[in-house]
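>>> this one's sequence-less:
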């Protein structure tokens, strides 16, 4: 693997972790529940992207499968939270 690619992937991973730290502050401080749900969506998206970067960096397919699982559970979780905030219940 090229040295430039390793450097770029490491830099991308650093910025994704930095974005997750910023999102964590919004998750903990958020003035409303909608802000917290949006921060959680952003956090799982950044986590999924970090897994993809790690998969490219280490040339392992296990990271891609983990990213797929994070995307699946994040989508289901955000849908359930949105339904709960709209109606007050998840399962009718």
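Sure thing, it's come through. What you are looking at is a predicted structure, and each value in this text was computed from that prediction instead of being measured.
>>> contacts and neighbour counts: CA atoms only from here.
Will do.
>>> list the contacts of residue 24.
The neighbours of residue 24, taking Cα atoms under 8 Å, 6 or more residues apart in numbering as the test, are 39, 43.
>>> where does it fall, secondary structure wise?
Residue 24 is part of helix 3-29 when elements are defined by DSSP states H and E.
>>> now that helix: buried residues?
9, 12, 13, 16, 17, 20, 23, 24, 26, 27 (16 or more other Cα atoms under 10 Å).
>>> and the next helix or strand past that helix?
Toward the C-terminus from helix 3-29 - assigned by DSSP H and E - lies helix 33-58.
>>> give the other helices and strands that that following helix contacts.
Other helices and strands packing on helix 33-58, by 3 or more Cα pairs under 8 Å, 6 or more residues apart in numbering; DSSP states H and E, are helix 3-29, helix 61-87.
>>> run a quick neighbour tally on the residue lying closest to residue 30 once chain neighbours are set aside.
Counting by Cα to Cα, 6 or more residues apart in numbering, residue 36 is the residue found nearest to residue 30 once chain neighbours are left out, at 5.5 Å. When counting by other Cα atoms under 10 Å, one arrives at 19 neighbours for residue 36.
>>> from residue 80, how far off is residue 36?
14 Å (Cα to Cα, to the nearest Å).
>>> spatially, what comes nearest to the residue nearest the centre of the chain if we skip its sequence neighbours?
When Cα atoms, centre = their mean is applied to the chain, the residue found nearest the centroid is residue 44 (2.0 Å). Nearest residue to residue 44 in three dimensions, chain neighbours excluded: residue 74, at 6.1 Å (Cα to Cα, 6+ apart).
>>> so who does the one you found touch?
Neighbours of residue 74 in contact, by Cα under 8 Å, 6+ apart: 41, 44, 45.
>>> hmm, residue 68 and the second one touching each other?
No. Because the distance of 11.1 Å does not satisfy Cα atoms under 8 Å, residue 44 is recorded as not touching residue 68.
>>> helix, strand, or coil at residue 89?
Taken by DSSP: H, G, I helix; E, B strand; the rest coil, the conformation at residue 89 corresponds to coil.
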